[in-house]
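Q: Sequence and computational prediction follow.
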Amino acid sequence: MKEQIEKIWAEVKAFNANTADELEQFRIKLMGKNGSLTALFADFKAVPVEEKKESGRLLNELKIAVQEKIDQFKEHLSAAKGSTESSSDLSLPCQNEPAGTRHPLSLVRSEIIRIFSNIGYTVSEGPEIEDDWHNFSALNFPPEHPARDMQDTFFIEQNPDIALRTHTSSVQVRIMENNQPPIRIIAPGRVYRNEAISARAHVFFHQIEGLYIDKNVSFADLKQTLLYFAREMFSPETKIRLRPSYFPFTEPSAEMDISCNICGGSGCSMCKKTGWVEILGCGMVDPNVLENCNIDSKIYSGFAFGMGVERITNLKYQVKDLRWFSENDVRFLKQFGPVV
């Protein structure tokens, strides 16, 4: 056994490794399951009793030497690798990563907020899970109104008084309950309705609603505010028209159309040959809504409006399918740069 130990000693002293693979092969050759040093330990039980003490000492010294040799080369190779990495030329051009773009809905949302911020509106937000009072009752929705139907609203099964909000008008209620006029806010956010998903509808979408409450606020103020918005959002040549409509929380109420920004009003497929495209609903805040929120309707008046961000984005970028906004297709998203 002494001859075998001396032979392995000579091999250890002569060993040199330039790579981690070479070092690993050396370790396996000596200390692996079938390694030569492992075999010597297995044969140790056959050594005569009078030689066991000396042979055992030599075997242990050899094992320690082999492990130290391996550790020494590991440290050396690791230091050499770090030296190579730190010697990289930092003056070389970096690898260019492709720049991302903001989502088109985020671009348009930010642009709408900017436009109204310029005339004194502040941003208010509220919860997406609402109670019946803030989502319906305070806004003058009678119990039989279709929006309360299970086909339109996602109610919480355990508590039918709680639902995913169907509009951001609930934020307006919360602001009016906790603040006295003058109030001038816009309320952006995600809303939910139980609808069949198609190119023109989805179960969730984004709204921005506006509210202005003060003394002597008139329908003329509403019209001029919306005309300013349309011209800032689309073009200075944009025209608007207001058509009578009905909403439980405003009286009088109107739908607002803009002259088609695609054909300039001459008629195209986007405006269905009419020259006009509907973009939002609006009206004077119903006195009952003011009273529900503890605002004296004999002293104060106001207007409200609401628009779908997807609708404005469709017109801004001529997107034909609402579903594209939520499919996360990079080929679609990378087309959009900043709104100008």
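A: Yep, it's here.
Q: tell me, how many neighbours does residue 300 end up with?
A: 20 (other CB atoms under 10 Å). For the C-beta atoms, the positions are set from N, CA and C on the backbone; glycine is no exception.
Q: who's in contact with the closest residue to it other than its chain neighbours?
A: Distances taken as CB to CB, 6 or more residues apart in numbering put residue 181 closest to residue 300, at 4.9 Å, once the chain neighbours are dropped. The contact partners of residue 181, taken as CB atoms under 8 Å, 6 or more residues apart in numbering, are 213-215, 295, 300, 302.
Q: now residue 181: how far from residue 272?
A: According to CB to CB, to the nearest Å, residue 181 and residue 272 sit 40 Å apart.
Q: just residue 39 next, same as before
A: Between residue 39 and residue 272 the distance, using CB to CB, works out to 89 Å.
Q: From the contacts of residue 181, which land in strands?
A: The strands, defined by DSSP state E, take in 213-214, 302 from the contacts of residue 181.
Q: quick one: the strands in the chain?
A: Using DSSP E, strands in the chain cover 122-123, 129-131, 155-156, 159-164, 183-192, 204-214, 240-247, 250-259, 276-285, 301-308.
Q: Low-confidence bits of the stretch 151-300 of the chain, can you list those?
A: Along the stretch 151-300 of the chain, the model assigns pLDDT under 70 to residues 151.
Q: hey, which helix is longest across the chain?
A: Using DSSP state H to define each element, the chain has its longest helix at helix 49-86.
Q: Show me what residue 208 is bridged to.
A: Applying DSSP bridges to residue 208 yields these beta-bridge partners: residue 188, residue 307.
Q: count of residues packed around it?
A: Neighbour count of residue 208, defined by other CB under 10 Å: 22.
Q: What confidence value was assigned to the nearest residue to residue 229 once chain neighbours are set aside?
A: Nearest residue to residue 229 in three dimensions, chain neighbours excluded: residue 115, at 5.8 Å (CB to CB, 6+ apart). Predicted confidence (pLDDT) for residue 115: 96.
Q: Could you do the one 10 residues further on as well?
A: Confidence at residue 125, expressed as pLDDT, is 95.
Q: That one: neighbour count?
A: As a burial measure, the neighbour count of residue 125 was computed by other CB under 10 Å and equals 12.
Q: who touches it in this structure?
A: 171, 187-189.
Q: Would you mind checking these for buried ones?
A: 171, 187-189 (16 or more other CB atoms under 10 Å).
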